[in-house]
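A.B. asks: give me coordinates for this.
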Amino acid sequence: MEQKKLHLRESARNFLLQFLDDEKEDFTSVLNTLTYAEQNKNYTVLQVETENQKIETLAGWIVKINDLDTIVLKVIKANTFLVIRMKNIRKISIRK
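C.D. replies: Numbering: from 1, shown residues only. Below you'll find the predicted structure:
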């Protein structure tokens, strides 16, 4: 039981540490992670740069990847679907 708690803490720590680095992820890395998340229905957290240069954090599930240009994300908080341009994704983290 204690080992399971330790694994959960380590997993949560790694999940959050990916967002502390300010460097934008490259397109190939984002695409590979999005494809994996879509296929496995993983919980996904995205940092997205908005049109007015602000950073927004969104969480949900990848519903579809469209033409390597946009994705459809089912957002948990608003229980809605959003279309997001891949070029605006700064960071991605998934919960396996």
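A.B. asks: how much space between the closest residue to Lys64 other than its chain neighbours and Val83?
C.D. replies: In space, not counting the residues next to it along the chain, Lys64 is nearest to Val72; the distance is 4.5 Å by C-beta to C-beta, 6 or more residues apart in numbering. Using the backbone N, CA and C atoms, a C-beta is placed for each residue, glycine as well. Computed with C-beta to C-beta, to the nearest Å, the distance linking Val72 and Val83 is 6 Å.
A.B. asks: joint contacts of the two?
C.D. replies: In terms of C-beta atoms under 8 Å, 6 or more residues apart in numbering, Val72 and Val83 are both contacted by the residues Asn66.
A.B. asks: between the two, who's got more neighbours?
C.D. replies: When Val72 and Val83 are compared on other C-beta atoms under 10 Å, the one with more neighbours turns out to be Val72, at 16 against 12.
A.B. asks: the more buried one against Asn66, yeah?
C.D. replies: Yes: look at Val72 against Asn66 with C-beta atoms under 8 Å: they come within range, at 7.0 Å.
A.B. asks: give the residues shared as contacts by these two.
C.D. replies: Residues touching both Val72 and Asn66 (C-beta under 8 Å, 6+ apart) are Val83.
A.B. asks: tell me the pLDDT at the residue nearest to Ile76 when sequence neighbours are not counted?
C.D. replies: Of all residues beyond its chain neighbours, the one nearest Ile76 is Gly60 (4.9 Å), with distances taken as C-beta to C-beta, 6+ apart. Here the pLDDT value assigned to Gly60 is 95.
A.B. asks: any weak-confidence spans in this structure?
C.D. replies: Within the chain, the stretches with pLDDT under 70 are 1-23.
A.B. asks: and the longest strand for it?
C.D. replies: strand 55-66 (DSSP state E).
A.B. asks: and Lys87, how far from Asp67?
C.D. replies: Summarising the geometry, the distance separating Lys87 from Asp67, computed by C-beta to C-beta, is 13 Å.
A.B. asks: show me what the longest strand of the chain is packed up against.
C.D. replies: Contacting strand 55-66 under the criterion 3 or more C-beta pairs under 8 Å, 6 or more residues apart in numbering; DSSP states H and E are the following elements: helix 27-40, strand 43-49, strand 70-75, strand 80-85.
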